[in-house]
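J.: Turn this into a structure:
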Amino acid sequence: MRRNALVPLALILSLVAAAPAAAAHHKAAAHDPPEQTGRGVDGCDALDPAVCMLPFPNDYLTRRDPSTATGRRVDFSILGMPRNVALKPIDPTDWNRADGFSPGSLIVTKVPGLQTPAALEQTGAVPITDLARTYDKHTPVVLLDADTGKRQLIWVELDMTVPEADRTLLVRPAKNLTEGHRYIVAMRDLRDANGKVIPAQAPFAALRDRSPSADPGRRAHYEDLFRTLERHGISRGNLYLAWDFTVASAQSLAGRMLSIRDDAFAQLGDRNLADLKVQGSAPRFTIDRVVDTACENGVPVDDITQGIGAACPDTNAKIVRDIHGSMLVPCYLSTPACAPAHSHFILGLDGKPVAVPGNMMKADFECRIPQAALTAGAGSSRPSLYGHGLFGGYDEVRQGQLQDFGQEHNLTFCATDWAGMATIDVPNVATILTDLSHFNTLADRVQQGMLNFLYLGRLMIHPGGLGTDPAFQDDAGHSLLDTRRLFYDGNSQGGIIGGALTAVAPDFNRATLGVPGMNYSTLLTRSSDFGTGQAPDPANPVDTFEYAYPLYTSYPNKIERQLLFSIMQMLWDRAEPDGYANHMTSRPYPNTPAHEVMLHVALGDHQVAPVSADVEARTIGARLLRRPAEDPGRNADVTPHYGIDAFGSLPARGSALVIWDSGVPVPPTTNTPPTTGPDPHEFPRRTPAARAMKSAFLSLDSWVVDTCGGAPCHTYNYAPPSG
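T.: Next up, the predicted model:
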């Protein structure tokens, strides 16, 4: 086996000797259904014979475990896991530590006969353009909370990334599910393209019809399931398929991240992280290089790739200093100094990460002080972390939009790498895409990266932190930083992972997330970054590379494609907002302050699907800046942003969702990326009105203000047609 086999047993035992006690045992729910028995060694479910592990997610792939918060434990069999072209199955070790499935679970099954848009139209399932149909009495696909009896907001679509014969039916929650709850998927009156009802497959029909041939190990469970459905108006007689699954607990999803955060800050002497007060010592840091005026050879900042610090005849009118440094952060990964190759958490007997004694990570950072800080004087510049984009690096803090933001509103930005999804991690990710057994290394390393950001944030506002260095001081030796509060701004990947970071942040309670979304199982096939799986052009391999290519080449079974994404999501939840969104704002984790978040979305975004930001907004309770959020004809939905309230008046307080229109074509309604028009992904952050709105939010007063003139918000480069 991989992972912890590389760590000597004696070391592990010494590390866990003082580990906290195991989690409290499961408290039985008001109703625990009978267990399903008699499962084969491969764990395959006969109810969907298309490929093993469908339908998914599925409590048939779990077992009872009273020691977990949900009372269940994921129990994937390695014999049933998807295999790559080398016939190597995904190692389920890390998945089997979870006590349930993703709160944003991509629900997947294959329905023979329901494989075309015409068949989906005949069936009448909830489309992405009309979420209100979730609550139609006879809607054919229902996701029911078995604990409350409430229907869950969903949409239903086909996997349009594969040929017709390989298409699976996908059910996506339009708002994240409740941790620890059990859900029932019910499908009825499904129809083919001619409108003919599709009959249930024999194994399920036997359970539904009480046939003597029904699986005896599942009869009691399914009789209980059918009774629950019938209590809520769904009769068994016309069911095509039904099954249930349990959502993981908050402890299972975020427990590792919270554990390393609490331990690392306790090492600084701060154990109360909910009070927004800095206590204890500052992380250890060094300043390695300071470039006055950040002149950078007179080359525009957006174009810089190397050569910082060279002499030049001109000065930068916006940035007064560019500062490079490093800090030491406790390393909870298996490699010395958290080196990226195949590094993963070392887990104690309680399932929480433990650090090898003395193992520290040297994390580099870069900060940019605006000229406005010198003009305004000591203690004037608001400190903010900046989160960079997909597989980028901290040097993105030099972007032109960010130096404009800093100078316009006197913000000092500091950035470090998103360990796990930074440039240095690309080789590890390439390995993961050919063998998903290593997917835990991405999720674990991103959590270490989140800790690095939290330490950098503490450095920015600690009285013994960055402000003690002359690089951050005026000529009189006074710190330029306003250390009363830290803030966060991030874009793209920084807007995505930034949501998870916000949920666990002890030093900032306001964050602006640019072009954000969740979850990756929804985002990937809708993103031009991920692509459609085309091979790189030999004449231009770098610019034509798609992340889908190595994954699809390594796992060529197209029927399994969406299953793979749903399986991956279970671990990705530990490293992206999907696993944290239920606690990002108003229901904070223990030892964590409450937060407010502003989401800035680019309508028609080619890289991060706007629909995924709507899911995030519903989950965290964000409100639209206004209704309508777009000009007429600029949203394909019957009720745009269904289920998201709008502010009654402005200015206002609270978490916000703002749609920025650049005039590009609206996104497709299928699970495919946009292919027409320019990509508006970077346009909101380049818009002065958007930056002014973010500045008002990133403040101690923290107002949601209207900078769009009482109308839908437009980016700097778009003026809608008049009339």
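J.: C-alpha from now on. contacts and neighbour counts both.
T.: Noted.
J.: Next up, the contacts around Leu700.
T.: Applying CA atoms under 8 Å, 6 or more residues apart in numbering, we find Leu700 in contact with Arg485.
J.: wait, is it part of a strand?
T.: No. The assignment for Leu700, made by DSSP: H, G, I helix; E, B strand; the rest coil, is coil rather than a strand.
J.: Would you mind measuring from it to Leu486?
T.: According to CA to CA, to the nearest Å, Leu700 and Leu486 sit 10 Å apart.
J.: With Ser211 instead?
T.: Taking CA to CA, one finds Ser211 at 63 Å from Leu486.
J.: neighbour-wise, which of the two wins?
T.: When neighbours are counted by other CA atoms under 10 Å, Ser211 and Leu486 differ, and Leu486 comes out ahead with 25 against 13.
J.: That one against Ser381, yeah?
T.: No. Using CA atoms under 8 Å, Leu486 makes no contact with Ser381, being 10.7 Å away.
J.: longest helix in this structure, by residue count?
T.: Scanning the chain for the helix with the most residues, using DSSP state H, yields helix 439-461.
J.: The helix or strand following it: how far from the chain's middle?
T.: Using DSSP states H and E, the helix or strand that follows helix 439-461 in sequence is strand 486-491. The chain centroid and the centroid of strand 486-491 are separated by 16 Å under CA atoms, centre = their mean, to the nearest Å.
J.: likewise stretch 125-143?
T.: With CA atoms, centre = their mean, you get 25 Å for stretch 125-143.
J.: in it, what's buried?
T.: 125-134, 139-143 (16 or more other CA atoms under 10 Å).
J.: Out of the residues you listed, which is nearest to Ile424?
T.: In terms of CA to CA, no member of the buried residues of stretch 125-143 lies closer to Ile424 than Ile128, at 37.0 Å.
J.: The residue lying closest to that closest one once chain neighbours are set aside and Ile287: what is the separation?
T.: Nearest in space to Ile128, with sequence neighbours left out and distances taken as CA to CA, 6 or more residues apart in numbering, is Trp155 at 5.2 Å. Going from Trp155 to Ile287 by CA to CA gives 51 Å.
J.: which of those two has more neighbours?
T.: Regarding Trp155 and Ile287, a neighbour count based on other CA under 10 Å identifies Trp155 as having more, with 23 against 17.
J.: Show me what the more buried one is bridged to.
T.: Arg172 (DSSP bridges).
J.: doesn't Pro173 make contact with it?
T.: Yes. Using CA under 8 Å, Trp155 is in contact with Pro173, at 6.7 Å.
J.: re the thing from before, mind picking the two most distant members of the buried residues of stretch 125-143?
T.: Maximum pairwise distance among those (CA to CA): 17.7 Å, between Thr129 and Leu143.
J.: Next, count neighbours for Lys277.
T.: Neighbour tally, Lys277, other CA under 10 Å: 13.
J.: ok, it - contacts?
T.: Neighbours of Lys277 in contact, by CA under 8 Å, 6+ apart: Asp507.
J.: Distance of it relative to Leu700?
T.: Computed with CA to CA, the distance linking Lys277 and Leu700 is 14 Å.
J.: do the same with Ser105
T.: Separation of Ser105 from Leu700 (CA to CA): 36 Å.
J.: if we look at stretch 592-601, which residues are touching it?
T.: By CA under 8 Å, 6+ apart, the residues outside stretch 592-601 that reach it are 273-276, 502-506, 508-516, 584-588, 610, 613, 617, 622, 654-660, 684, 694, 697.
J.: so where is this structure shaky, pLDDT-wise?
T.: 1-30, 293-315, 723 (pLDDT under 70).
J.: so is the most far-flung residue of it relative to its centre in a helix, a strand, or just coil?
T.: The centre of the chain is farthest from one residue, Pro212, which by CA atoms, centre = their mean lies 45.3 Å away. Classification of Pro212 by three-state DSSP places it in coil.
J.: Report the contact partners of it.
T.: Taking CA under 8 Å, 6+ apart as the test, what Pro212 contacts is Ala206.
J.: quick one, phi psi at it?
T.: phi -60, psi -20 (degrees, to the nearest 10).
J.: now Asp192: how far from Thr123?
T.: The value you get for Asp192 to Thr123, if CA to CA is used, is 7 Å.
J.: and what of Thr431?
T.: In this structure, Thr431 and Thr123 are 41 Å apart, going by CA to CA.
J.: cool, and Gly406?
T.: 52 Å.
J.: who's more crowded, those two?
T.: Between Gly406 and Thr123, counted using other CA under 10 Å, Gly406 has the larger neighbour count: 27 against 24.
J.: which other residues reach the host helix or strand of that one?
T.: Assigned by DSSP H and E, Gly406 belongs to helix 400-409. By CA under 8 Å, 6+ apart, the surrounding residues in contact with helix 400-409 are 300-302, 318-319, 368-372, 411-413, 685-686, 691-692, 695.
J.: how many neighbours does Pro427 have?
T.: Using other CA under 10 Å, Pro427 is surrounded by 12 other residues.
J.: Could I get the contacting residues of Ala575?
T.: 443-444, 446-447, 497, 500.
J.: Over to Asn491?
T.: By CA under 8 Å, 6+ apart, the residues touching Asn491 are 387-389, 513-516.
J.: Distance of it relative to Gly389?
T.: Taken as CA to CA, the span from Asn491 to Gly389 is 6 Å.
J.: Likewise for Pro370?
T.: According to CA to CA, Pro370 and Gly389 sit 22 Å apart.
J.: Skipping its backbone neighbours, what lies nearest Ala500 in space?
T.: Using CA to CA, 6+ apart and skipping the chain neighbours, the partner closest in space to Ala500 is Pro577 (4.3 Å).
J.: tell me the domain ranges of the chain?
T.: Per automatic domain parsing, the structural domains of the chain span 37-251, 285-484, 598-723.
J.: For those domains, please prepare JSON lines with the additional fields distance to Leu268.
T.: Shown next, in JSON lines, are the domains of the chain (distance: least, CA to CA, whole Å):
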{"stretch": "domain 37-251", "distance to Leu268": "24"}
{"stretch": "domain 285-484", "distance to Leu268": "10"}
{"stretch": "domain 598-723", "distance to Leu268": "25"}
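J.: of all those, which lies closest to Ser521?
T.: With respect to Ser521, and counting by CA to CA, the nearest of these is domain 37-251 at 6.8 Å.
J.: Figure out how far that closest one is from the centre of its chain.
T.: Centroid separation between domain 37-251 and its chain, computed with CA atoms, centre = their mean, is 22 Å.
J.: Tell me which residues touch Met460, please.
T.: 383, 466-467, 481, 483, 486.
J.: what about 10 Å?
T.: 282, 367, 382-385, 412-414, 454, 466-467, 472, 481-483, 485-486, 507 (CA atoms under 10 Å, 6 or more residues apart in numbering).
J.: next one: Asp192
T.: Residues near Asp192 by CA under 10 Å, 6+ apart: 111-123, 198.
J.: which helices and strands sit right next to the strand or helix carrying Leu571?
T.: Here Leu571 sits within helix 561-572, counting by DSSP H and E. Helix 561-572 sits against strand 107-109, strand 169-173, helix 250-268, helix 439-461, helix 520-523, helix 548-554, with contacts defined as 3 or more CA pairs under 10 Å, 6 or more residues apart in numbering; DSSP states H and E.
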